[in-house]
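Participant: Just a sequence and a predicted model for now, questions to come.
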Amino acid sequence: MNLMLLRNAQVHAPEPLGQQHLLLGGGRILWMGTGLFDLPATLAVETIDLQGRRLIPGLIDAHVHVTGGGGEAGFRTRVPPLGVSRFTRAGITTVIGLLGTDDVARGPRDLLATVYALREEGLSALAFTGGYHVPPRTLTGTVRGDLVLIEALIGIGEVAISDHRSSQPTLDELLRLAADAHVAGLMTGKAGVLHLHLGDGPRGLDLVRRALEQSELPPRVFHPTHVNRRKALFDEALELAGRGCTIDLTAFPVEEGEDAWSAADGLIRFLDSAAPAERITISSDAGGCLPVFDHEGHVCRMGVGESGALLQTLNEVLQRGVPLERALPAFTSNPARLLRLPAKGRIQVGADADLVVLDEAGAAHEVIAGGIVHVRNGHIEHRGTFENAV
């Protein structure tokens, strides 16, 4: 077993623990303490002195188009898949892959294979089954079968509502999907969530409110994302968070005067509200197309979601005076709790050795995923198999 000793780390677990030393081995945190002890000389231990830099849990990105998204303006607008270093250089050590608008040319087999490839490259990777549309694309014939029988699949999504690109699901269809996610989660101990893409349609979160009112399903099953894309939608989401749903902000660019909140604005507003602090997550939509449509539904311009948006958002929130221990859970412990990943999102003995060292500017100085150094001194140490291909 390869051992690694991290010395003089200013640990935020997310709560501040002060200066600590950590011993890593077998992909886990084996020991953490304030005083060093002598290790047997026969042990091969790599030592890294962090010199008082901040050490945080690896970021969890719960909304990633790992196969590439897009396709709304023709096949040429399909975004290419993302290499592993696109995530690690941004401090992300766990990703949840999904399908979006294009769940025809891209399907669940491709998604699952890409998740397995990312695992082979050293990243923690899982996925949601289905995609934008109802009935969903599956591997076993049913979403419940996918979740029960395929280890890497932990929920359903991203199912689109309030969007002209969606299949316009009815309340009954939404309830059936949510029930399948919930029951499969009970059977397996997986997340069992229904991850919902919210468009900018005027119906907003009405379907989710009706689902909560007309069923016995627990609110935690519903995980709406992109809720900061309209300010009124964000207000609706705040109300749902108070009822027990976890809401997800997307770290996309917001122009001045736009009827939207940036992820930083949204997080600060959420933390200043009466909503439970554990009911918010932030994701990047990395690899996904960020289209802007005209009044007829045609794409007039587009961008691409970037993994680096998570760390950028965290640093913006910190610069605006939010303490690290208050901002960090939305990127770490909150998604770990929602997705039922008990070894993720925290720095503690027994947890996975997914760690990020921040430099003074807030960039990733070191990134350790599963106990392996992927970024060292701000430079990428491990790239994916084809990332250097010409």
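Facilitator: Perfect, I can see it now.
Participant: thought residue 355 was touching residue 55?
Facilitator: Yes: the criterion here is C-beta atoms under 8 Å, and residue 355 meets it with residue 55 at 6.0 Å. C-beta: built from backbone N, CA, C; applies to glycine.
Participant: Now do the shared contacts for these two.
Facilitator: When contacts are counted by C-beta atoms under 8 Å, 6 or more residues apart in numbering, residue 355 and residue 55 have 6, 22, 347 as shared neighbours.
Participant: which element is the second one on?
Facilitator: In other words, residue 22. According to DSSP states H and E, residue 22 maps onto strand 16-25.
Participant: Enumerate every residue touching residue 139.
Facilitator: So residue 139 contacts 108, 109, 112, 129, 145, 146, 150, 153 (C-beta under 8 Å, 6+ apart).
Participant: Which SSE is immediately downstream of the longest helix along the chain?
Facilitator: In the chain, with assignment by DSSP state H, the single longest helix is helix 171-188. From helix 171-188 onward toward the C-terminus, using DSSP H and E, the following helix or strand is strand 193-198.
Participant: Kindly calculate the angle that that next one makes with helix 171-188.
Facilitator: Angle, strand 193-198 to helix 171-188, by axes from the mean of the first three to the mean of the last three C-alpha atoms, to 10 degrees: 150 degrees.
Participant: and strand 193-198, which strands flank it?
Facilitator: strand 153-161 (parallel), strand 222-225 (parallel) (DSSP bridges).
Participant: Name the nearest residue to residue 370, ignoring sequence neighbours.
Facilitator: In space, and not counting its chain neighbours, residue 370 is closest to residue 27: 4.4 Å by C-beta to C-beta, 6 or more residues apart in numbering.
Participant: repeat for residue 375
Facilitator: Nearest residue to residue 375 in three dimensions, chain neighbours excluded: residue 367, at 3.9 Å (C-beta to C-beta, 6+ apart).
Participant: helix/strand/coil for the one you found?
Facilitator: strand (DSSP: H, G, I helix; E, B strand; the rest coil).
Participant: Now for it, how many residues are close by?
Facilitator: 28 (other C-beta atoms under 10 Å).
Participant: Would you mind naming the residues that bridge with it?
Facilitator: Bridge pairing for residue 367 - DSSP bridges - gives residue 356, residue 375.
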